[in-house]
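*Asks:* next come a sequence and a model predicted from it.
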Amino acid sequence: MSKVTVVGAGNVGATCANVLAFNEVADEVVMLDVKEGVSEGKAMDMMQTAQLLGFDTTLVGCTNDYAQTADSDVVVITSGIPRKPGMTREELIGVNAGIVKSVAENILKYSPNAILVVVSNPMDTMTYLSLKSLGLPKNRIIGMGGALDSSRFKYFLSQALGCNANEVEGFVIGGHGDTTMIPMTRFATYKGMPVANFLSEEKLKEVAAATMVGGATLTKLLGTSAWYAPGAAGAFVVESIIHNQKKMIPCSVFLEGEYGESDICIGVPVILGKNGIEEIVKLELNEEEKAAFAASAKAVHATNAALKEVGAL
Ligand SMILES: NC(=O)C1=CN([C@@H]2O[C@H](COP(=O)(O)OP(=O)(O)OC[C@H]3O[C@@H](n4cnc5c(N)ncnc54)[C@H](O)[C@@H]3O)[C@@H](O)[C@H]2O)C=CC1
Ligand SMILES: O=C([O-])CC(=O)C(=O)O
């Protein structure tokens with residue numbers, strides 16, 4: 001019997017729960033929100049699609065009742081405010097730090113062995129906050145950003161190539177921020193062939209730039225930040241853990257010397273399985289990539305430092 005809880009039944013959380021149920025990733029999916037009745041209503045609405053879509057997962061909604069989340073294997077934290085057009089993710093720290101910290105503490109009271117997937121922004125800093133304040137082993141705290149950013153990178157590459165996005169490979173490391181993401185163009189391939197065989201350097205730079213501001217572009221169009229791909233990316237990460245798939249997915253994880261960084265959670269490729277982070281994959285970065293990673297980490301460290309200013313650490 002596998003159980004996943006999604007905290008925050010807003011745009012991203014509800015989408016994530018819906019994808020988890022549709023794909024039967026877990027036997028039970030619990031949604032918890034502070035808004036009275038919203039989780040219950042969304043769970044009922046989704047359960048009424050079960051016979052239409054043919055899934056057997058049970059969805060449960062609750063209003064701030066952590067007892068219902070007891071013994072979850074994986075908990076996805078999406079609670080918190082999203083940005084509005086013109087804002088950065090980092091500006092959300094003041095409100096979201098308090099929310100994420102209290103939610104994570106409550107979750108652990110009922111699911112002491114759960115693996116946490118942190119989605120709330122600024123995600124790398126919220127992952128770091130969870131790790132520092134809960135004192136859990138680092139394999140059990142995973143920030144979701146790289147799965148989404150990599151999916152966007154593959155989308156923009158496929159648009160440039162005029163091909164099916166499923167035939168493109170590529171990934172993004174670094175922070176989950178407009179200026180901190182590092183699309184790894186050198187490793188990206190179309191049917192196993194380097195994308196540089198098909199696209200000019202200028203075009204590849206455009207693709208990388210579009211990927212980095214992918215979230216901001218959608219926020220401008222939607223008036224709030226995106227949720228379909230973020231929710232699906234959260235479910236993708238959960239699936240690799242629950243089904244012990246051992247997929248290699250870039251996630252924000254605690255580094256202790258890897259990639260020349262320490263005391264930070266930032267995006268690097270990891271193997272995700274039943275223990276959460278099974279392995280941090282070490283890539284051979286070239287000088288330019290190393291410099292980009294160091295600059296990205298510097299910016300994430302600076303955001304982490306603000307946790308003290310807002311009284312969260
Ligand atoms: N890491 C990533 O790749 C992404 C992160 N995000 C972030 O995810 C977060 C959620 O975004 P949306 O779902 O669009 O926002 P939303 O406003 O639609 O949903 C957030 C939900 O959290 C709930 N909430 C607030 N405080 C809570 C608490 N203490 N306990 C339980 N629930 C609580 C709210 O009632 C609301 O329903 C934002 O911080 C956003 O920036 C969004 C997309 C991608
Ligand atoms: O853009 C945002 O604020 C939400 C997010 O992290 C994303 O969609 O990448």
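*Replies:* Sure thing, it's come through. Ligands and ions are numbered 1, 2, ... in the order given.
*Asks:* in the stretch 201-313 of the chain, which residue sits nearest ligand 2?
*Replies:* Ranked by C-beta to the nearest ligand atom, the top residue of the stretch 201-313 of the chain for proximity to ligand 2 is residue 215, at 2.4 Å. Backbone N, C-alpha and C define where each C-beta goes, glycine included.
*Asks:* can you pull the contacts of that residue?
*Replies:* 89, 178, 225-226 (C-beta atoms under 8 Å, 6 or more residues apart in numbering).
*Asks:* repeat that for 6 Å
*Replies:* Contacts of residue 215 were listed using C-beta atoms under 6 Å, 6 or more residues apart in numbering, and none were found.
*Asks:* for the strand or helix carrying residue 296, name the packing helices and strands.
*Replies:* Residue 296 is part of helix 287-309 when elements are defined by DSSP states H and E. Packing contacts for helix 287-309, counted by 3 or more C-beta pairs under 6 Å, 6 or more residues apart in numbering; DSSP states H and E, involve helix 123-134, strand 262-273.
*Asks:* find me the pLDDT at the residue of the stretch 201-313 of the chain closest to ligand 2, would you?
*Replies:* pLDDT recorded at residue 215 is 98.
*Asks:* which of the helices and strands packed on helix 287-309 is buried the deepest?
*Replies:* For the helices and strands packed on helix 287-309, average neighbour numbers computed from mean count of other C-beta atoms under 10 Å are highest in helix 123-134, which has a mean of 26.
*Asks:* mind giving me the packing neighbours of it?
*Replies:* Using 3+ C-beta pairs under 6 Å, 6+ apart, helix 123-134 sits against helix 93-110, strand 115-118, strand 141-143, strand 247-256, strand 262-273, helix 287-309.
*Asks:* mean neighbour count, those: which tops it?
*Replies:* strand 141-143 (a mean of 29).
*Asks:* what lies in contact with it?
*Replies:* By C-beta under 6 Å, 6+ apart, strand 141-143 touches 116-118, 123-124, 127, 130-131, 251-252, 265, 276.
*Asks:* nearest to residue 81 among those residues?
*Replies:* residue 123 (13.3 Å; C-beta to C-beta).
*Asks:* OK, contacts around the closest one?
*Replies:* 143, 145, 176.
*Asks:* and of the contacts of strand 141-143, the nearest to ligand 1?
*Replies:* Sorting the contacts of strand 141-143 by how near they are to ligand 1, with C-beta to the nearest ligand atom, puts residue 123 at the top with 3.8 Å.
*Asks:* state the distance from that closest one to residue 171.
*Replies:* 16 Å (C-beta to C-beta, to the nearest Å).
*Asks:* same check, this time on residue 182
*Replies:* Residue 182 is 10 Å from residue 171, by C-beta to C-beta.
*Asks:* just the pLDDT at the residue in the stretch 1-150 of the chain that ligand 1 sits nearest to, thanks.
*Replies:* Residue of the stretch 1-150 of the chain nearest ligand 1, by C-beta to the nearest ligand atom: residue 10 (1.7 Å). pLDDT for residue 10: 98.
*Asks:* can you tell me which residues in the stretch 101-250 of the chain are near ligand 2?
*Replies:* 121, 148, 176, 215-216, 219, 225-226, 230 (C-beta under 6 Å from any ligand atom).
*Asks:* now do the SS call for the closest residue to ligand 1 within the stretch 201-313 of the chain.
*Replies:* Residue nearest to ligand 1 within the stretch 201-313 of the chain (C-beta to the nearest ligand atom): residue 230, separated by 3.4 Å. Under DSSP: H, G, I helix; E, B strand; the rest coil, the three-state class of residue 230 is helix.
*Asks:* quick check: the gap between the closest residue to it other than its chain neighbours and residue 290.
*Replies:* The shortest distance from residue 230 to any non-neighbouring residue, by C-beta to C-beta, 6 or more residues apart in numbering, is to residue 12 (4.8 Å). Using C-beta to C-beta, residue 12 is found at 32 Å from residue 290.
*Asks:* what's the answer for residue 124, then?
*Replies:* Residue 124 is 19 Å from residue 290, by C-beta to C-beta.
*Asks:* just residue 176 next, same as before
*Replies:* Residue 176 is 19 Å from residue 290, by C-beta to C-beta.
*Asks:* and the spatially most central residue of the chain, backbone torsions?
*Replies:* Centroid check for the chain by C-alpha atoms, centre = their mean gives residue 144 as the closest residue, at 1.7 Å. Dihedral pair for residue 144: phi -100, psi 120, per degrees, to the nearest 10.
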